[in-house]
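Q: Could you work out the structure for the sequence below:
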Amino acid sequence: MDEELIKKYRIAGRITAEALEIAKEKATEGYSLLSLAEEMEEHMRKKGGFPAFPVNISIDDAAAHFTPSSDCDLVFKRGQIVKIDCGACYMGCIGDSAITVEIGSNTQFALIESSKRALDRVIKLIKAGMKTGEVGAIIEQEISSMGFAPIENLSGHEVAEYNLHAGISIPNVAERISPEIREEMCIAVEPFATSGRGYITESENGNIYHFVEKKNVHNEKARELMERLASDRALSSLPFCERWCVRIGEQMGMERKDLQRALKMLERSRVIRNYPVLREVTGSLVSQWEHTLYIKDEGCEVLTSL
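A: Modelled structure (predicted):
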């Protein structure tokens, strides 16, 4: 990877880390989920980047894929276990990072710490030439040693320009047959730990979407929205959300009810698909920590830290 490109990844990583500092400060009892998501995303834009995906705020048994809608009135409540996952994109290069916070209490320190320790251990040991299954083994061992289960059907991922889930996956459990991690890869490692069985299942629509392809759509407003999404490189290749579409609709002179109807039509036509909320199968609590790493011959550089 040439020096100019890695500089862009570093900038994306720094912006991501700064956005999570906002979350650490403001994810408190009574604070609005919608306000937090929008403040974090606006910070990315002010710093010269933009959100690589909508800020995920997943609570308790939800592991991933929930972002507040444009009319969300939820606030943080005492005792909630909150995963805040965000990523900034800078000139196509992506940083991806996540933290877990417990709102107003400290009863689940061990659960939260187990996924954090797993990530810290990977950062110390990972290097070019390792197999992804070896990384999964490190994560599994650390989480299991504290009495919790890694989530087996969630994984980390390689990132590339305008591609959030590119190339190889990084499992959270040991795998015997697995690809090699190569020098100069950028990979997001994200251990998930739970007090449950260690599996997630798909649940309700989390207000997050991905563009699939243009199709013959008969409704005029739905067609206008499709063309707008397709013409934007970021929106057509990275996840987006209902909140962002409402803003797009306002720019196009479209009323909110028409925009939301158009969004549903595009989903039914399979022009876009939604990301369902991922919940632990037994309804048990989940913690997550994540960093994006630049792989070196010996070790790695953490891109998403300040």
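Q: quick one: residue 71 is in a helix?
A: No: counting by DSSP: H, G, I helix; E, B strand; the rest coil, residue 71 is not part of a helix but coil.
Q: count of residues packed around it?
A: For residue 71, the neighbour count with other Cβ atoms under 10 Å is 11. Heads up, the C-betas are built off the backbone N, CA and C, glycines and all.
Q: per-residue confidence averaged over the helix or strand harbouring residue 292?
A: Using DSSP states H and E, residue 292 sits in strand 291-295. Per-residue pLDDT values across strand 291-295 average out to 98.
Q: Pull that strand out as CSV, backbone CA atoms only.
A: Extracted C-alpha coordinates of strand 291-295, given in CSV (Å, rounded to 0.1, in the frame of the first residue of the first chain):
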residue,chain,number,x,y,z
HIS,A,291,-10.6,-1.6,15.9
THR,A,292,-9.4,-1.4,12.4
LEU,A,293,-5.8,-2.7,12.0
TYR,A,294,-3.2,-2.1,9.4
ILE,A,295,-1.3,-5.4,9.2
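Q: Give the pairing partners of it; include direction for each.
A: strand 186-189 (antiparallel), strand 300-302 (antiparallel) (DSSP bridges).
Q: Could I get the contacting residues of residue 133?
A: 171, 174-178 (Cβ atoms under 8 Å, 6 or more residues apart in numbering).
Q: any chance you could read off phi and psi for residue 63?
A: phi -90, psi -30 (degrees, to the nearest 10).
Q: Surely it touches residue 150?
A: No: using Cβ atoms under 8 Å, residue 63 is not in contact with residue 150; the gap is 11.5 Å.
Q: quick one: common contacting residues for the two?
A: With Cβ under 8 Å, 6+ apart as the test, residue 63 and residue 150 both reach 192, 194.
Q: re earlier: kindly write the ChimeraX command that selects the buried subset of the contacts of residue 133.
A: Burial among the contacts of residue 133 is assessed by 16 or more other Cβ atoms under 10 Å; the matching ChimeraX selection reads:
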select :171,174,175,178
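Q: Would you format the contacts of residue 133 as JSON lines with secondary structure and distance to residue 200 included?
A: Formatted as JSON lines, the contacts of residue 133 follow (DSSP: H, G, I helix; E, B strand; the rest coil; distance: Cβ to Cβ, whole Å):
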{"residue": "171", "secondary structure": "strand", "distance to residue 200": "14"}
{"residue": "174", "secondary structure": "coil", "distance to residue 200": "19"}
{"residue": "175", "secondary structure": "coil", "distance to residue 200": "18"}
{"residue": "176", "secondary structure": "coil", "distance to residue 200": "23"}
{"residue": "177", "secondary structure": "coil", "distance to residue 200": "23"}
{"residue": "178", "secondary structure": "coil", "distance to residue 200": "21"}
